[in-house]
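> Sequence and predicted model, in that order:
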Amino acid sequence: MKKVCKKCKIFVKGNKCPICKGNQFVESWKGRVAVMDPEKSEIAKHIEITQKGEYAIKI
């Protein structure tokens with residue numbers, strides 16, 4: 001099961017969030033979205049994502 005940062009909602013592989021540097025994660029999430037270019041993505045703007053990556057929609 002993949003883990004997700006509680007604050008940023010980004011999928012995390014290690015023990016530290018690459019965005020906020022936090023270490024609070026959840027393993028229960030619903031849906032995901034992959035953002036390749038946050039500057040051009042309407043979805044990224046709507047959900048306030050500023051960095052490229054894979055995000056959970058709901059945690």
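Nice, I can see it.
> Relative to residue 30, how far out is the residue lying closest to residue 27 once chain neighbours are set aside?
Sequence neighbours aside, residue 1 is the residue nearest to residue 27 in space, at 4.8 Å (criterion: CB to CB, 6 or more residues apart in numbering). No exception for glycine: its C-beta is placed from N, CA and C like everyone else's. Distance of residue 1 to residue 30, computed by CB to CB, to the nearest Å: 13 Å.
> cool, residue 18 as well?
Separation of residue 18 from residue 30 (CB to CB): 22 Å.
> Same drill for these two, tell me which one is more crowded.
Taking neighbours as other CB atoms under 10 Å, residue 18 and residue 30 compare with residue 18 leading, 14 against 8.
> Need the pLDDT of that one.
Looking at residue 18, its pLDDT is 95.
> quick one: contacts for it?
Taking CB atoms under 8 Å, 6 or more residues apart in numbering, we find residue 18 in contact with 10, 12, 51, 53.
> and the spatially most central residue of the chain, what are its bridge partners?
The residue lying closest to the centre of the chain (CA atoms, centre = their mean) is residue 10, at 1.7 Å. Beta bridges link residue 10 to residue 55, judged by DSSP bridges.
> ok, it touching residue 4?
Yes - contact criterion CB atoms under 8 Å: residue 10 and residue 4 qualify, at 6.9 Å.
> Overlap in contacts, these two.
By CB under 8 Å, 6+ apart, the residues touching both residue 10 and residue 4 are 55-56.
> Do a quick rundown of the helices in this protein.
For the chain, the helices defined by DSSP state H occupy 42-46.
> Work out the gap between the lowest-mean-pLDDT helix or strand in it and the centre of the chain.
Ranked by mean pLDDT, DSSP states H and E, the weakest helix or strand in the chain is helix 42-46, scoring a mean of 93. The chain centre lies 13 Å from the centre of helix 42-46; the measure is CA atoms, centre = their mean, to the nearest Å.
> Check this protein for me, the residue farthest from its geometric middle.
Residue of the chain lying farthest from the centroid, by CA atoms, centre = their mean: residue 40 (17.2 Å).
> How confident was the prediction at that one?
95.
> and if you look at residue 37?
Predicted confidence (pLDDT) for residue 37: 96.
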